[in-house]
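Undergrad: A structural model of the following input is requested.
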Amino acid sequence: MPFLPPTLYQHNVPLGPLERFLAATAGTANDFEQALTVVPNPQLFANGVFLNAVRGGFKPGRMQSLAFLFVNDSASVVGIATHTADLRINVYRKGVYQGPVAYYSLSVATTLGTAIVAGNQNTYVAVTPASMAGIVQGGWLVIDAGTATQEYVMVASVTATTFTALFTQLHTTAATVKTTLGQRVATPFLLADALSAAGTTTGNAVGAPGVATVLLASPYGVHVGDALLVDTAANQEQVSVTALASVDTTSGTAVAAPGSVVITPASMASIAVGTPLTIDGDAAHGTAEVVNVTAVTATTFTATFANAHTTGFLVRSENFTATFAKTHASAVAVVAATGKGALANGFPFELQESDVLTLARVSSDLTGIATPAGALQVEWRPSERAM
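TA: Sure thing, here's the model as predicted:
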């Protein structure tokens, strides 16, 4: 099975709940978000064995996510390059969205590009796949799914064009490489504790200094309170994230012609004046664009469109709010401003007592990919930050 047994983590906190989830048919219309658990107070576990197992004690009321394992009871599901879906573990604090702390993306579908030949088995090999899209350090991949040489590998490292992993089977250059939720396999989610070294990019401009909401190309590793470096060189500045929002809905209104249009979406959740929205992403409904919300009611928003769109178009946003001292173009770099990183490199995002964790599916478009029924196991440990 492609996961580390809990005993290898060497911690004495009881496992979190094993929560069951139903299968969901494909497409954004069937995306869901379901409560998973509430973060407990680690002091509830304070006994002699537990305290001795924690280096330097623990911070009362604070926890860190350690692992999220998805066990699939249905047929295996493999990633595809288009019409994909992500599974996310989201955090809410006092009802306010804090960001995702872990995820698994069914978006990898490529070929190996480098043969694994006799002599390279049971060694780490750097391969050059046809595409690196969605392949990240620490992620699990299935190689040659459904064949006699099928195997699971964990990505040990990546470059812009290669990934390195330990292979135990022989594979040709045409071997398939996919993310998968394998049947009766415990699949670990990737912790999104901090932005990767590559960071992410913005999807809209900051036109004037002051409070602004900015689209993110990827939401993973950004949380409320994080310090981010935005832009590069002389125009780079550090900002603090004051809010995050995620919008994933469709429009019940068509945009017949460019101009200011009132839209009635399926949901108004997280849509406010000033929210930048990505429109479409599904060519069947028009040309993709980014618009800014200029007005809202309980059931509608108004924005100025540059393109026409048919009814049912996607309305998306992964964004953060911060106070900016400078202006910035769109598509500029965003990276973490601190050394906060994954468990092996520093301190991850810190969960607090009574935080609510949810499991959400976010499809890439109206077609998406169906996800199986299964159960999600949570593991955590007390925070080891300084008291």
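Undergrad: do a quick rundown of the helices in the stretch 251-387 of the chain.
TA: For the stretch 251-387 of the chain, helices defined by DSSP state H, counting those that start in this stretch do not occur.
Undergrad: need the strands for it, in chain order.
TA: For the stretch 251-387 of the chain, strands defined by DSSP state E, counting those that start in this stretch occupy the ranges 259-263, 276-279, 289-296, 301-305, 314-324, 333-336, 350-352, 356-363, 374-382.
Undergrad: of all the ones you listed, which lies closest to Phe32?
TA: Comparison of those against Phe32 by CB to CB identifies strand 356-363 as nearest, at 5.6 Å. For glycine as for every other residue, the C-beta is placed from the backbone atoms N, C-alpha and C.
Undergrad: tilt between the closest one and strand 374-382?
TA: 140 degrees (axes from the mean of the first three to the mean of the last three CA atoms, to 10 degrees).
Undergrad: in terms of secondary structure, what does strand 356-363 contact?
TA: strand 33-38, strand 85-93 (3 or more CB pairs under 8 Å, 6 or more residues apart in numbering; DSSP states H and E).
Undergrad: returning to that earlier point: closest one to Ser105 among the strands of the stretch 251-387 of the chain?
TA: Taking CB to CB, strand 356-363 is the member of the strands of the stretch 251-387 of the chain nearest to Ser105, at 9.5 Å.
Undergrad: that closest one - what's its average pLDDT?
TA: When pLDDT is averaged over strand 356-363, the result is 94.
Undergrad: how far is that strand from where the chain is centred?
TA: Here the centre of mass of C-alpha atoms in strand 356-363, compared against the chain's by CA atoms, centre = their mean, to the nearest Å, lies 10 Å away.
Undergrad: that one to strand 85-93, inter-axis angle?
TA: Using the same axes, to 10 degrees: strand 356-363 against strand 85-93 is 150 degrees.
Undergrad: which of the helices and strands packed on strand 356-363 sits most buried?
TA: strand 85-93 (a mean of 22; mean count of other CB atoms under 10 Å).
Undergrad: contacts for that one, please.
TA: 26, 31, 33, 36, 65, 68, 70, 97-107, 189, 223-224, 246, 349, 351-352, 354-364, 368-369, 371 (CB atoms under 8 Å, 6 or more residues apart in numbering).
Undergrad: pLDDT-wise, which helix or strand of this protein ranks last?
TA: helix 48-53 (a mean of 41; mean pLDDT, DSSP states H and E).
Undergrad: show the subsequent helix or strand relative to that one.
TA: Remark: after helix 48-53, the chain's next helix or strand is strand 62-72, criterion DSSP states H and E.
Undergrad: in its sheet, what does that following strand sit against?
TA: Next to strand 62-72 in the sheet, as set by DSSP bridges, lie strand 186-188 (antiparallel), strand 350-352 (antiparallel), strand 374-382 (antiparallel).
Undergrad: can I get the CA coordinates of that strand in PDB?
TA: The C-alpha trace of strand 62-72 is given here as PDB (Å, rounded to 0.1, in the frame of the first residue of the first chain):
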ATOM      1  CA  ARG A  62      -2.800  23.700  19.100                       C
ATOM      2  CA  MET A  63      -2.400  20.800  16.700                       C
ATOM      3  CA  GLN A  64      -0.600  20.100  13.400                       C
ATOM      4  CA  SER A  65      -2.000  17.900  10.600                       C
ATOM      5  CA  LEU A  66       0.200  14.900  10.100                       C
ATOM      6  CA  ALA A  67      -1.600  12.700   7.600                       C
ATOM      7  CA  PHE A  68      -4.900  12.300   5.700                       C
ATOM      8  CA  LEU A  69      -5.500   8.900   4.200                       C
ATOM      9  CA  PHE A  70      -8.300   8.200   1.800                       C
ATOM     10  CA  VAL A  71      -9.400   4.600   1.500                       C
ATOM     11  CA  ASN A  72     -11.400   3.800  -1.600                       C
END
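Undergrad: for that strand, give the mean pLDDT please.
TA: Averaged across strand 62-72, pLDDT comes to 80.
Undergrad: so where's this structure shaky on pLDDT?
TA: 1-15, 42-62, 197, 281, 339-348, 381-387 (pLDDT under 70).
Undergrad: hang on, the earlier thing: show me which of the contacts of strand 85-93 are buried.
TA: 26, 31, 33, 36, 65, 68, 70, 97-107, 189, 223-224, 246, 349, 351-352, 355-364, 368-369, 371 (16 or more other CB atoms under 10 Å).
Undergrad: sorry, back to before: got CSV for the helices and strands packed on strand 356-363, with distance to Ala256 too?
TA: Shown next, in CSV, are these (distance: least, CB to CB, whole Å):
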stretch, distance to Ala256
strand 33-38, 32
strand 85-93, 31
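Undergrad: out of the ones you listed, flag the one nearest Ala337.
TA: Per CB to CB, nearest to Ala337 of the helices and strands packed on strand 356-363: strand 85-93, 20.3 Å.
Undergrad: if we can go back for a sec, may I see the strands of the stretch 251-387 of the chain organised as TSV, with distance to Thr123 added?
TA: TSV is the format used below for the strands of the stretch 251-387 of the chain (distance: least, CB to CB, whole Å):
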stretch	distance to Thr123
strand 259-263	55
strand 276-279	43
strand 289-296	46
strand 301-305	54
strand 314-324	38
strand 333-336	33
strand 350-352	38
strand 356-363	36
strand 374-382	30
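Undergrad: list the contacts of the residue lying closest to Val255 once chain neighbours are set aside.
TA: Spatial nearest neighbour of Val255, chain neighbours left out: His309 (4.3 Å); criterion: CB to CB, 6 or more residues apart in numbering. Contact analysis of His309 by CB under 8 Å, 6+ apart lists Ser251, Ala254, Val255, Ile279, Asp280, His285, Gly286.
Undergrad: and the helix or strand hosting Thr110, how far out from the chain's middle?
TA: If you go by DSSP H and E, Thr110 is part of strand 109-111. In terms of CA atoms, centre = their mean, the centre of strand 109-111 is found 20 Å from the chain centre.
Undergrad: re earlier: minimum distance to Gly146: which of the strands of the stretch 251-387 of the chain has it?
TA: strand 374-382 (19.3 Å).
Undergrad: any idea of the angle that closest one forms with strand 33-38?
TA: 40 degrees.
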